[in-house]
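Asks: Please work out how this folds:
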Amino acid sequence: MNTHILKYIKSGFVLLIIALVGISCARKDLIKPGDTLPQAFGKASNLFDNGKYGDAVQAFETVIRIGRGTEYAQDAQFLLAESYFNDERYLLAASEYERFQTLYPNSPRREEVDFKNAYCYYKLSPRFKLSQQYTRTAIEKFQLFNSRYPDSERVQESAEYITEMRSKLARKLYSSADLYMRTDRYEAAIIYYDLTIDRYPETEWAERALVNEINAYVIYADNSVTSRQRERYTMAVDSYEKFLQLFPESDLRSRAEDYVDEARVALAEMGPEPDDSTVTASKDGR
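Replies: Below you'll find the predicted structure:
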């Protein structure tokens, strides 16, 4: 046997020894049959403290199963949720925090659990174009947290998350309205601009929506039958008046004025409003 082959065999043997030692050490960390409840909890906690969250999850589940009704089980339930949380498995973490809330409603940890449960849904909240169910759940849970713990040091942080997520919901509605505008469906666009303004008036998207709504009414009127134009140009002017009331210092005022000027010029060219008996509707009512 030549020297190179012997060298490879020795290297492989060393690696095998290292692997066996590693496995042996790892097994010492795991819960074994015959371990007492304190020993099992201690091993689970060591796994958690060493950042081995996957193994810690299994260990805490064992502690919960064998220690049901004890303080160890309560601590294990909390640390089980924390293991998922630290491992960024937020949906599982939320589920375990909710189990803790149900099983231990009067625990001193309840405030922390409630906040982290809401935060899990905040982390699950996707970008604005996708379904926003987790976003709405997070808002509801943070609002409940602020209501339940008004003196908590986390109230301000919770409020900032609510603001951020309401803005995301507003952007989703605004984006839908813009899509309708790009496809010449002005009536639908106006509905979605209105929803943005009514539901999320404190957001920047409400301000933009109101300006675009003025423009939408003008274009809608331009493309309407004569009998409906006056009404829609007038709605553009009404939206502008609403814009002035809600956002008097807006940087978008100049653009809003350009749009409303078009509506006012069109109304002026139409002259005085005719008597109702002279108005005739088109066949399709557009």
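Asks: what about D55, neighbour count?
Replies: Counted with other CB atoms under 10 Å, residues neighbouring D55 total 20. The C-beta positions use only the backbone N, C-alpha and C, and glycine is treated the same way.
Asks: Was I right to think it contacts L30?
Replies: Yes: when contacts are counted by CB atoms under 8 Å, D55 is listed as touching L30 (6.9 Å).
Asks: Helices along this structure, start to end?
Replies: Counting by DSSP state H, one finds helices in the chain at the ranges 3-29, 37-49, 53-66, 71-86, 90-103, 110-124, 133-148, 155-182, 186-199, 204-222, 226-246, 253-270.
Asks: Now do the buried residues in the shortest one.
Replies: Right, the one you point to is helix 37-49. For helix 37-49, the neighbour count (16 or more other CB atoms under 10 Å) marks 37, 40-45, 47-48 as buried.
Asks: Also the longest one?
Replies: Buried residues in helix 155-182, counted by 16+ other CB under 10 Å: 155, 158, 161-162, 165-174, 176-178, 180-181.
Asks: Next: the fourth one.
Replies: For helix 71-86, burial by neighbour count (16+ other CB under 10 Å) applies to 72-85.
Asks: That one packs against which elements?
Replies: helix 37-49, helix 53-66, helix 90-103, helix 110-124 (3 or more CB pairs under 8 Å, 6 or more residues apart in numbering; DSSP states H and E).
Asks: nearest to E269, of these?
Replies: helix 110-124 (52.4 Å; CB to CB).
Asks: Off-centre distance for that closest one?
Replies: The chain centre lies 12 Å from the centre of helix 110-124; the measure is CA atoms, centre = their mean, to the nearest Å.
Asks: ranking the helices of the chain by burial, who's on top?
Replies: Ranked by mean neighbour count under mean count of other CB atoms under 10 Å, the helices of the chain are led by helix 204-222, which reaches a mean of 23.
Asks: which other residues reach that helix?
Replies: Judged by CB atoms under 8 Å, 6 or more residues apart in numbering, the contacts made with helix 204-222 from elsewhere in the structure are 167, 170-171, 173-174, 177-178, 181, 186-187, 189-190, 193-194, 196-197, 200, 228-229, 231-233, 235-236, 239-240, 242-243, 246-247, 250, 252, 255-256, 259-260, 262-263, 266.
Asks: so what pLDDT did L30 get?
Replies: At L30, the pLDDT value in this model is 82.
Asks: Check A159 too.
Replies: Listed pLDDT for A159 reads 98.
Asks: ditto for I219
Replies: The model's pLDDT for I219 equals 97.
Asks: cool, T280 as well?
Replies: According to the per-residue confidence, T280 scores 49 in pLDDT.
Asks: do the one 4 residues further on as well
Replies: pLDDT, D284: 44.
Asks: can you check T226 too?
Replies: Reported pLDDT at T226 in the predicted model: 91.
Asks: How about A138?
Replies: 98.
Asks: and what of T3?
Replies: As predicted, T3 sits at a pLDDT of 51.
Asks: now do the one 4 residues further on
Replies: Taken from the predicted model, the pLDDT recorded for K7 is 52.
Asks: quick one: P201 from F243, how far?
Replies: P201 sits 12 Å away from F243, taking CB to CB, to the nearest Å as the criterion.
Asks: Please apply the same query to Q101.
Replies: Q101 is 44 Å from F243, by CB to CB.
Asks: mean confidence score for stretch 246-259?
Replies: When pLDDT is averaged along stretch 246-259, the result is 95.
Asks: Show the contacting residues for S125.
Replies: In this structure, S125 makes contact with 132, 134-135, 138, 165, 168, judged by CB under 8 Å, 6+ apart.
Asks: Actually, R255.
Replies: Applying CB under 8 Å, 6+ apart, the residues near R255 are V211.
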